[in-house]
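> How does the following fold in three dimensions:
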Amino acid sequence: MRLINQNTESELSRVRSILDTVTDPEIPALTINEMGILRGIEIKDNTVIVTITPTYSGCPAIDHITDDITKVLAEHDYPSTRVALVLSPAWTTDWMSDEAKEKLRKYGIAPPCKTSLLDDSQEDPNITVIVACPNCCSFNTKLVSHFGSTACKSFWQCADCLEPFDYFKPI
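Numbering: from 1, shown residues only. Got it, this is the predicted structure:
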């Protein structure tokens with residue numbers, strides 16, 4: 001086991017670059033950093049402490065993400081890793097970068113809008129959210145189901161290209 005330089009910029013940068021290879025198992029086009037799940041990295045007593053916030057408290061992928069973090073760091077000579085879950089503040093889609101949202105679109109998932117643009121009226125069932133098709137960019141789309149392939153997505157269909165697609169719900 002190698003001795004880790006405690007919290008030096010170069011060591012933390014190395015760990016971050018390693019973690020930039022860990023993807024979200026439900027959306028492998030995005031890393032946990034791009035998703036905004038990765039909240040912090042610290043090194044104490046030769047242990048790497050990675051702080052993450054799940055997309056929601058019941059996210060079934062969090063155990064997989066934790067295992068992936070531990071595994072990839074062990075493969076790069078960081079055998080002692082602790083993953084800390086932080087639930088407050090709660091994760092928001094606003095933590096996703098614009099680049100991450102574009103990657104989502106290219107992957108075939110309509111990206112979320114900024115939650116700060118939403119207000120309480122979004123809870124009104126008479127108000128329709130307009131979602132652009134990630135395939136052809138048409139706004140001629142319709143909600144098929146409030147639940148998509150995962151709980152954080154809803155299922156839509158484009159009336160122009162006829163393709164079904166997921167929309168990542170803004171949280």
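> When you work out contacts or count neighbours from here on, use the C-alpha atoms and nothing else.
Noted.
> Name the next helix or strand following whichever strand or helix holds F155 along the chain.
For F155, the element it lies in under DSSP states H and E is strand 153-158. Going down the chain from strand 153-158, the next helix or strand is strand 164-168, by DSSP H and E.
> That next one vs strand 153-158, what angle?
140 degrees (axes from the mean of the first three to the mean of the last three CA atoms, to 10 degrees).
> Contacts for strand 164-168 next, please.
For strand 164-168, the external contacting residues (CA atoms under 8 Å, 6 or more residues apart in numbering) are 108-112, 131, 133-134, 148-149, 152-158.
> Mind doing that once more with 7 Å?
Residues from elsewhere that reach strand 164-168 (CA atoms under 7 Å, 6 or more residues apart in numbering): 108-112, 148, 152-158.
> re the thing from before, what mean pLDDT does the strand holding F155 get?
The pLDDT scores in strand 153-158 average 94.
> Just the buried residues of the contacts of strand 164-168.
Burial by neighbour count, judged by 16 or more other CA atoms under 10 Å, picks out 108-112, 148, 152-158 from the contacts of strand 164-168.
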